[in-house]
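In: Below is the sequence, then the predicted model.
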Number of protein chains: 2
Amino acid sequence: MTPPGAIPPYERDPEAIYRQSFDTIAAEADLSRLPADVRPLATRVIHACGMVDVIDDLEASPLAAASGRAALEAGAPILVDTQMVARGIMAHRVRRAPVICRLDDNRVPDLAEALQTTRSAAAVDLWVPILDDAVVAIGNAPTALFRLLELIADGAPRPALIIGIPVGFVGAVESKRALATLAPTFDIPFVTVHGRRGGSAMAAAAVNALAPAKTGSHEPTWP
Amino acid sequence: MTPPGAIPPYERDPEAIYRQSFDTIAAEADLSRLPADVRPLATRVIHACGMVDVIDDLEASPLAAASGRAALEAGAPILVDTQMVARGIMAHRVRRAPVICRLDDNRVPDLAEALQTTRSAAAVDLWVPILDDAVVAIGNAPTALFRLLELIADGAPRPALIIGIPVGFVGAVESKRALATLAPTFDIPFVTVHGRRGGSAMAAAAVNALAPAKTGSHEPTWP
């Protein structure tokens, strides 16, 4: 029993922390309704947000995991909407795949003005030359996801996978619904978390789940 | 009515997106139980995660908002546990306050080995020389928050505010409970979101809420 006012004992071993986290998720989350190759991704998304029930809102198309994994193994670029997503991606897991965020590109403000849209959406226009077979991870801006769908509808190259998990109260629900409706018509695999929930941590976790774990790292290969 | 397979119309104006988001939060969240000066922070934390009910878990000590605001205005350093938190902090809002993350410091791996703990916790030891009156924002690692409390219990300088919102299944609940129990005994203002929920976006949003909005930016001053 920890006396009042004292700091309780806590787990300090990184491997044990990972293992206990993943064990808790396995015990509490019913992953059985998901295809086997999506379960590691679901586990990492839950791990990133602390909410087991987020899998109730998770939707992944049948080829999502395989297509994303193959693209990352081939060193395809990972296109992200924010630096937060970029920083959540474990560099040692995606060594061969460059992580690219165009939000701070100096062309973005003028482009946003010209397109009468957000900077997040304008930055997506700068993805077009490198979109072919890329892995896209959107964790923040609904307008970025909407813009991506518009560009693809207009003939832009097809990414290998769209991870579309923007968050919030304006456009998040609708942009994710549009992704789930339209991506299959474009033959593009996708992953989303429906509803208002989402964010950079979940989007990055989905990428990390599809990337191969480094031998000898603290993280267990999962599952 | 949008035809099936078409991209629905969506809001593209950044100011309108902010306004509608904050209006939705104001309509759905009962902020009245919170002190007036904590409401903008609660609003931004909700905005960051898309979950109105997160305020049920929000706890802020009476001086938290005032102390954090004063520290940021004085240009106090903002000490963060991950680069994700750093990237979520709006640079233009905290111009005078440097954002510092020590996780990638090259002393950290050896220190973690010596202390038999995580790199996140070891990085906190490197905060000690700049901890006095700093603003701390922990959005990821429970071990970082536990370590900070240990160091302060052992006599380290007192920060102006601890924003402690780690996420997850191992230690998050316990470290936030320890923060809420111990910080008052150290006379340190704190903000937390109890339970497993948390994360870099919430921690960064709390910092952003306490920093002054830039005149002429897209963001309305809130409330």
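Out: Perfect, I can see it now.

In: which stretches of chain A form strands?
Out: Secondary structure of chain A by DSSP state E: the strands cover A:58-60, A:78-80, A:99-101, A:135-138, A:161-164, A:190-193.

In: Could you provide these in CSV, with additional columns for mean pLDDT and mean neighbour count?
Out: C-beta: built from backbone N, CA, C; applies to glycine. Shown next, in CSV, are the strands of chain A (pLDDT from 0 to 100; neighbours: other Cβ atoms under 10 Å in any protein chain shown):
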stretch, mean pLDDT, mean neighbour count
strand A:58-60, 98, 20
strand A:78-80, 98, 28
strand A:99-101, 97, 18
strand A:135-138, 98, 30
strand A:161-164, 98, 31
strand A:190-193, 98, 28
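
In: so which of these comes closest to residue A:14?
Out: Each of those was scored for nearness to residue A:14 using Cβ to Cβ, and the closest is strand A:99-101 (22.9 Å).

In: circling back to that earlier point, could you dump the strands of chain A to a markdown table with distance to residue B:83?
Out: Converted to a markdown table, the strands of chain A look like this (distance: least, Cβ to Cβ, whole Å):
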| stretch | distance to residue B:83 |
| --- | --- |
| strand A:58-60 | 26 |
| strand A:78-80 | 13 |
| strand A:99-101 | 12 |
| strand A:135-138 | 16 |
| strand A:161-164 | 20 |
| strand A:190-193 | 23 |
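
In: Among the ones you listed, single out whichever gets nearest to residue A:26.
Out: strand A:58-60 (15.7 Å).

In: Report whether the closest one contacts chain B.
Out: No: judged by Cβ under 8 Å from any Cβ of the partner chain, strand A:58-60 stays clear of chain B, getting no closer than 14.9 Å.

In: Also stretch A:7-21?
Out: Yes: shown here: stretch A:7-21 in contact with chain B (Cβ under 8 Å from any Cβ) through A:7-8, A:10-14, A:17, A:20-21.

In: now the residues you listed in TSV, with pLDDT, neighbour count and distance to residue B:58?
Out: Formatted as TSV, those follow (pLDDT from 0 to 100; neighbours: other Cβ atoms under 10 Å in any protein chain shown; distance: Cβ to Cβ, whole Å):
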residue	pLDDT	neighbour count	distance to residue B:58
A:7	92	17	22
A:8	93	14	22
A:10	97	19	23
A:11	97	19	26
A:12	97	18	28
A:13	96	14	30
A:14	95	19	29
A:17	97	22	25
A:20	97	16	26
A:21	97	20	24
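
In: Looking at the residues you listed, which is nearest residue B:37?
Out: Nearest to residue B:37 among the residues of stretch A:7-21 next to chain B, with distances taken as Cβ to Cβ, is residue A:7, at 29.1 Å.

In: I appreciate the help and will end here.
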